[in-house]
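S.K.: kindly return the folded structure for what I paste below:
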Amino acid sequence: MPRTPDTISTLRDVLTRCRTLAVVGLSPQWHRPSHFAAKYMQAHGYRVIPINPLVAQEGGSILGERAYASVREADAAVRAEGGRIALVDCFRKSEDIPPLADDAVAIGARCLWLQLGVENEAAADVAEAAGLQVVRNRCVKIEHARLFGGLGWAGVNTRVISAKRPTVLPY
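M.R.: Residues are numbered from 1 along each chain as shown. Next up is the predicted model:
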């Protein structure tokens, strides 16, 4: 199946439409990349649903949201609240992705997002064949910051000079 390119317009569309993210492999440790990215997305108005079996087993939460053992378990809980998981963000090893792609298809997610360094073409093909947008080898936080103006918060020179922070985010 031909790969859908990760163009600026497709990335912007995914990040605009998908407001509830199931973050698979979300760590409760603040210094881990998954925690940092999820906290950033949460601060920008996204609902982050942690998928971490160890934390879920203890009945814990991460970033103020209850942790779940699986994507399907999280989806059932979110649907019971009247919501829907739109994006499955994978912070797992490449070989762990096929069952996550199957879960994303089963719950009717719009997007399967494979973080930096995560590649599994067979799983991506399964998701794309089911109609999901698949983003490969990209960080959701980096792409959001790049496309929606968050780079200045990290001290990156965006070539925009202003002493004022926007009161309304541009999305």
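S.K.: how about low-confidence regions in this protein?
M.R.: 1-5, 150-171 (pLDDT under 70).
S.K.: that one: helices as residue ranges?
M.R.: 8-17, 33-43, 53-57, 71-80, 97-107, 121-129, 140-148 (DSSP state H).
S.K.: could I get those as TSV with distance to residue 87 and mean neighbour count?
M.R.: C-beta: built from backbone N, CA, C; applies to glycine. Below are the helices of the chain laid out as TSV (distance: least, Cβ to Cβ, whole Å; neighbours: other Cβ atoms under 10 Å):
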stretch	distance to residue 87	mean neighbour count
helix 8-17	7	15
helix 33-43	10	19
helix 53-57	19	15
helix 71-80	11	17
helix 97-107	9	20
helix 121-129	12	17
helix 140-148	8	19
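S.K.: can I get the ones you listed in CSV with distance to residue 65?
M.R.: Shown next, in CSV, are these (distance: least, Cβ to Cβ, whole Å):
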stretch, distance to residue 65
helix 8-17, 19
helix 33-43, 8
helix 53-57, 11
helix 71-80, 9
helix 97-107, 17
helix 121-129, 24
helix 140-148, 16
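S.K.: let me know which of those is the nearest to residue 113.
M.R.: When the helices of the chain are ranked by distance to residue 113, counting by Cβ to Cβ, first place goes to helix 140-148 at 5.7 Å.
S.K.: which residues does the most centrally placed residue in the chain bridge with?
M.R.: Geometric centre of the chain, nearest residue: residue 89, 3.5 Å, by Cα atoms, centre = their mean. Beta-bridge partners for residue 89, by DSSP bridges, are residue 23, residue 113.
S.K.: closest to residue 64 out of the helices of the chain?
M.R.: It's helix 33-43; of the helices of the chain, that one is closest to residue 64 (Cβ to Cβ) at 8.1 Å.
S.K.: how about residues contacting the closest one?
M.R.: For helix 33-43, contacts defined as Cβ atoms under 8 Å, 6 or more residues apart in numbering pick out 21, 23, 25-30, 48, 50, 62-63, 89, 91, 115, 139-141, 144-145, 150.
S.K.: what about 7 Å?
M.R.: 21, 23, 25-29, 48, 63, 91, 139-141, 144 (Cβ atoms under 7 Å, 6 or more residues apart in numbering).
S.K.: could you dump these into TSV with distance to residue 35 added?
M.R.: Converted to TSV, these look like this (distance: Cβ to Cβ, whole Å):
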residue	distance to residue 35
21	13
23	9
25	10
26	7
27	5
28	7
29	6
48	10
63	8
91	9
139	13
140	13
141	11
144	16
